[in-house]
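Q: sequence and computational prediction follow.
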Amino acid sequence: MKKVIIAVFIIIISTSFFSGCINTSENDNGTTDNGGEDFVFTATDGSEKHLSDYRGKVVILDTWATWCGPCVVVMIELKKIYENYSRADLEILSINIESREGIQQIQEYRGLFVSQLGIELDWIFGNDIDGSISENYLKEGAIPTLVIFNENGQRHYREAGIHGFTEIPYGYSQDTPLLAPILNELIR
């Protein structure tokens, strides 16, 4: 019954908010050769964090905003990642790129997942401090955009739109990217 409720919630949210988000399908598998990339964000505890703080781990950068319906679907898929990979190997950074939304809105949003879906989003959330994450990592200005960095902080993958973990979320196209093959390539 819980799966049916989640599926209905996803369909309703995705349908009602999809017009606010863009979904693109180009690939960008470039990496840097300068020893890794870096950016800064404010975590929900108010501390300043950097991508470089997570060297030695594969990092998934998830860009989102509270008004983005497809971002809900992606976060449900990201939750599955922590059920299948160790945090010693992988970290998820969900960075809100909406300048009008602050830490309080991010915390309220996470609370809705628990109260409405019974899903704890137990990874790192934060805010794009100066817009540089949006400027440098969004794919054609679209959210959600997922960027995956290898353990050295080099960009390995960047793609906008819905992603599945091992299966395509209900109601989405057969060409929806899956994250497990990408992560399995990086985490040995």
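A: Happy to help now that I have it.

Q: so what pLDDT did T63 get?
A: Note on T63: pLDDT of 97.

Q: so it, which of the three states?
A: strand (DSSP: H, G, I helix; E, B strand; the rest coil).

Q: contacting residues for it?
A: I95, I97, D128, I133, S134, Y137, L138, I143, P144, T145, L146, V147 (CB atoms under 8 Å, 6 or more residues apart in numbering). The C-beta positions use only the backbone N, C-alpha and C, and glycine is treated the same way.

Q: from those residues, keep the buried residues only.
A: I95, I97, D128, I133, S134, Y137, L138, I143, P144, T145, L146, V147 (16 or more other CB atoms under 10 Å).

Q: ok, back up a step: of the contacts of T63, which is the nearest to A180?
A: L146 (13.0 Å; CB to CB).

Q: redo the buried ones among the contacts of T63 as CSV? Include pLDDT, secondary structure and distance to M75.
A: Formatted as CSV, those follow (pLDDT from 0 to 100; DSSP: H, G, I helix; E, B strand; the rest coil; distance: CB to CB, whole Å):
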residue, pLDDT, secondary structure, distance to M75
I95, 97, strand, 12
I97, 96, coil, 14
D128, 95, coil, 17
I133, 96, helix, 17
S134, 94, helix, 18
Y137, 96, helix, 17
L138, 93, coil, 17
I143, 95, coil, 12
P144, 96, coil, 8
T145, 97, strand, 13
L146, 98, strand, 11
V147, 98, strand, 15
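
Q: wait, which of those residues is closest to F113?
A: P144 (15.0 Å).

Q: and the residue nearest the centre of the chain, what does it touch?
A: With distances taken as CA atoms, centre = their mean, D62 lies nearest the centre of the chain, 2.3 Å away. By CB under 8 Å, 6+ apart, the residues touching D62 are C71, V74, M75, L78, I92, L93, S94, I95, P144, L146.

Q: spell out the residue ranges of the helices in the protein.
A: 2-17, 69-82, 103-112, 132-137, 180-186 (DSSP state H).

Q: so what touches the shortest one?
A: Residues outside helix 132-137 that contact it (CB under 8 Å, 6+ apart) are F39, V40, F41, L61, T63, I95, I97, D128, G141, T145, V147, R158.

Q: the residue nearest to I187 when sequence neighbours are not counted: what's it in contact with?
A: Nearest non-adjacent residue to I187, counting by CB to CB, 6 or more residues apart in numbering: D89, 4.9 Å away. Each residue near D89 by CB under 8 Å, 6+ apart is listed here: K57, V58, I187.
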